[in-house]
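Asker: Quick one: sequence and predicted model below, then my questions.
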Amino acid sequence: MTERPRILLTGWFSFLHGEATAGDVLALERAREALRGARLDHDVAWSPGFRPEGPSLAEVRPEDYSHLVFVCGPLHGPQLEELHRRFAHCVRIAVGTSVVDAACPAVTGFHRVVARDAPRAEPRPDLSARASALPARPVVGVVLTHGQREYGGRRRHARVAAEVTRWLAGRDCARLELETRLDAHDWRLCATPAQLEAVLSRLDLVVTDRLHGMVLALRAGVPALAVDPVEGGAKVTAQARACGWPALVPAEHVDTSTLDHWWAWCATAGRDHAQRIAEGFRRGAARDGTEELLGALGVGAGR
């Protein structure tokens, strides 16, 4: 009876100074799905910089494996050549990879290369394309400020930003850093309010310590988890009150449990509440100061 292969899966996500991209990890998962479907046991070697829990390439014992499979990415460089030397006794296979130079040692060291693209070969879809569908994750806009020096000694902006971003890093969500500042010349920023609103309206939640981060989210009907970065409360707190928005965390109470509480509320009841506030904005349900402006100019509204 043929002995079943003992397989180690590797890729650029395995190297200490490599990189793990979303495409790499999805391609790996596609390979793992195929192996699981064939009931083939396997391990994955992870870069300790990406998955510290390992196992890492340095920790695995080459003698424990009969096959080494390299998944995704380009076949080139000394890291791959070292992989061939260290696992010289293994059958080495590359799958879903790019071949730039078919004669380089990184390529010729494999017993079999199943390339996604190679010279004079018909390309095939990247492995990531057929990986299983992923469960939805909330998309969260993050709008923070490190400025507002006018508040002097009451400023807690740096600490608030550090606490909020550390907390966000532990949430299973897609984070999108946004800026309310407009710039017609910097492609990374929106040039018009309409462009920013187009982004905000597609989000599930906004986390912000900015007045306009909160107001523009609510205007788009999107719940905002707002943090006032000024000790004792300032314009963010005042605006949350003016809008009738409860998901506000004072600078003095930024902690995991409080942020978790308002996150859960925003994801449930907060959605309907934000949409009602947006509808109220559209109806002009609250006075916003324009009436007083016209009065100060000596004219009445609608004249």
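Answerer: Okay, I see it. Residues are numbered from 1 along each chain as shown.

Asker: Give me the buried positions along stretch 54-71.
Answerer: Within stretch 54-71, the residues scored as buried using 16 or more other CB atoms under 10 Å are P55, S56, L57, V60, Y65, H67, L68, V69, F70, V71. In this view, the C-beta of every residue, glycine as well, is placed from N, C-alpha and C.

Asker: Need the max-distance pair from those.
Answerer: S56 and H67 (18.9 Å; CB to CB).

Asker: Below-threshold pLDDT in this protein: ranges please.
Answerer: Counting by pLDDT under 70, the chain shows low-confidence ranges at 1-2, 300-303.

Asker: Which parts of the stretch 201-303 of the chain are strands?
Answerer: For the stretch 201-303 of the chain, the strands defined by DSSP state E, counting those that start in this stretch cover 205-208, 224-228, 248-250.

Asker: For H273, which of those is the nearest?
Answerer: strand 224-228 (10.5 Å).

Asker: How about residues contacting that closest one?
Answerer: Residues from elsewhere that reach strand 224-228 (CB atoms under 8 Å, 6 or more residues apart in numbering): 160, 164, 205-209, 213-214, 217-218, 234, 236-237, 240, 245, 247-251, 254, 259, 262-263, 266, 274.

Asker: Let me know how buried C190 is, in neighbour terms.
Answerer: 20 (other CB atoms under 10 Å).

Asker: L16 now?
Answerer: 12.

Asker: In this model S47 seems to touch it, though I could be wrong.
Answerer: Yes. Under the criterion of CB atoms under 8 Å, L16 makes contact with S47 at 5.7 Å.

Asker: between those two, what contacts are shared?
Answerer: S56, L57.

Asker: what about R175, is that helix, strand or coil?
Answerer: Following DSSP: H, G, I helix; E, B strand; the rest coil, we place R175 in the strand state.

Asker: Quick check: it vs C190, distance?
Answerer: 18 Å (CB to CB, to the nearest Å).

Asker: Of the strands of the stretch 201-303 of the chain, which is nearest F87?
Answerer: Once the strands of the stretch 201-303 of the chain are compared by CB to CB, strand 205-208 is nearest, at 44.9 Å.

Asker: can you pull up the bridge partners for L176?
Answerer: G141 (DSSP bridges).

Asker: Any figure for the gap between it and G109?
Answerer: 41 Å.

Asker: same check, this time on R154
Answerer: Taking CB to CB as the measure, R154 falls 62 Å from G109.

Asker: Could you find the closest non-adjacent residue to the residue nearest the centre of the chain?
Answerer: The centroid of the chain falls nearest to A174 when counting by CA atoms, centre = their mean (3.8 Å). Nearest residue to A174 in three dimensions, chain neighbours excluded: V139, at 4.7 Å (CB to CB, 6 or more residues apart in numbering).

Asker: for W265, same thing?
Answerer: A247 (6.1 Å).

Asker: The one you found against W262, yeah?
Answerer: Yes. Using CB under 8 Å, A247 is in contact with W262, at 4.5 Å.

Asker: any residues in contact with both of the two?
Answerer: L225, G270.

Asker: would you list every one of the strands in the stretch 51-200 of the chain?
Answerer: 67-74, 91-98, 112-117, 139-143, 174-177.

Asker: which stretches of the stretch 201-303 of the chain form helices?
Answerer: For the stretch 201-303 of the chain, the helices defined by DSSP state H, counting those that start in this stretch occupy 211-219, 235-243, 256-267, 269-283, 290-296.

Asker: Need those helices in a markdown table (columns: distance to V113 and mean neighbour count).
Answerer: Formatted as a markdown table, those follow (distance: least, CB to CB, whole Å; neighbours: other CB atoms under 10 Å):
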| stretch | distance to V113 | mean neighbour count |
| --- | --- | --- |
| helix 211-219 | 49 | 24 |
| helix 235-243 | 57 | 18 |
| helix 256-267 | 46 | 16 |
| helix 269-283 | 50 | 15 |
| helix 290-296 | 68 | 11 |
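
Asker: With respect to L83, which of those helices lies nearest?
Answerer: helix 256-267 (40.9 Å).

Asker: quick check: angle from the closest one to helix 269-283?
Answerer: Interaxial angle, helix 256-267 versus helix 269-283 (axes from the mean of the first three to the mean of the last three CA atoms, to 10 degrees): 60 degrees.
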